[in-house]
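K.L.:
no sequence on hand, only this structure:
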């Protein structure tokens, strides 16, 4: 666990350096060997994030043990639901980067990518000669309602990521490597798509 925690900590700081987590935003989580959920503590400057900034929560997103008095991210329940919907998931990443947010303001229910080589960065995608659809969900402060939306729309999440309108993206995987690949794939495709729209 300690190795995964340290590696994810390093990635969180790297994501911040890319401008993907402004103003203490974003949250991250992983499962340890005993399937305990560890999530990033709320309100931490991600450029200064350390391994000690992870706390444990139960399956309902409530902090546990020595962390019971520490406030987790308001979106912790999203992580819990994703672990439940996709039992092989080990790491969940959430970014607040510019281009997915811009696309979410332009498209209704989803954004589609066709013909890009990097599409193969999504697990299960084997060719550029296909159309990949990423769902866009409405932003809300009601995490119970948003969780219900995820459960009802889980058939749309085959590419292991989604966009929240004018908010950011979630990506997950069976390892930190895979989760990062899914995040970076959507980040890259979103930038290319947005720039393509302005040509």
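P.N.:
Great, that's in hand. Quick caveat: nothing in here was measured; it's all calculated off a predicted structure.
K.L.:
enumerate every residue touching residue 18.
P.N.:
residue 97 (Cβ atoms under 8 Å, 6 or more residues apart in numbering). C-beta here means a position set from N, CA and C on the backbone, and glycine is covered the same way.
K.L.:
please renumber the chain so that the first residue is 51 from this point on.
P.N.:
Sure, I'll start counting at 51 from here, so that last one is residue 68.
K.L.:
which residues of the protein fall in strands?
P.N.:
Assigned by DSSP state E, the strands in the chain fall at 78-81, 87-90, 104-107, 141-145, 160-164, 181-187, 211-214, 218-223.
K.L.:
any chance of JSON lines for those strands, columns mean neighbour count and distance to residue 242?
P.N.:
JSON lines is the format used below for the strands of the chain (neighbours: other Cβ atoms under 10 Å; distance: least, Cβ to Cβ, whole Å):
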{"stretch": "strand 78-81", "mean neighbour count": "24", "distance to residue 242": "25"}
{"stretch": "strand 87-90", "mean neighbour count": "23", "distance to residue 242": "28"}
{"stretch": "strand 104-107", "mean neighbour count": "22", "distance to residue 242": "33"}
{"stretch": "strand 141-145", "mean neighbour count": "25", "distance to residue 242": "16"}
{"stretch": "strand 160-164", "mean neighbour count": "16", "distance to residue 242": "8"}
{"stretch": "strand 181-187", "mean neighbour count": "19", "distance to residue 242": "12"}
{"stretch": "strand 211-214", "mean neighbour count": "22", "distance to residue 242": "15"}
{"stretch": "strand 218-223", "mean neighbour count": "25", "distance to residue 242": "15"}
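K.L.:
so for residue 202, which of those strands sits nearest?
P.N.:
The closest of the strands of the chain to residue 202 is strand 181-187. By Cβ to Cβ, the value is 10.6 Å.
K.L.:
so how far is the closest one from its chain's centroid?
P.N.:
14 Å (Cα atoms, centre = their mean, to the nearest Å).
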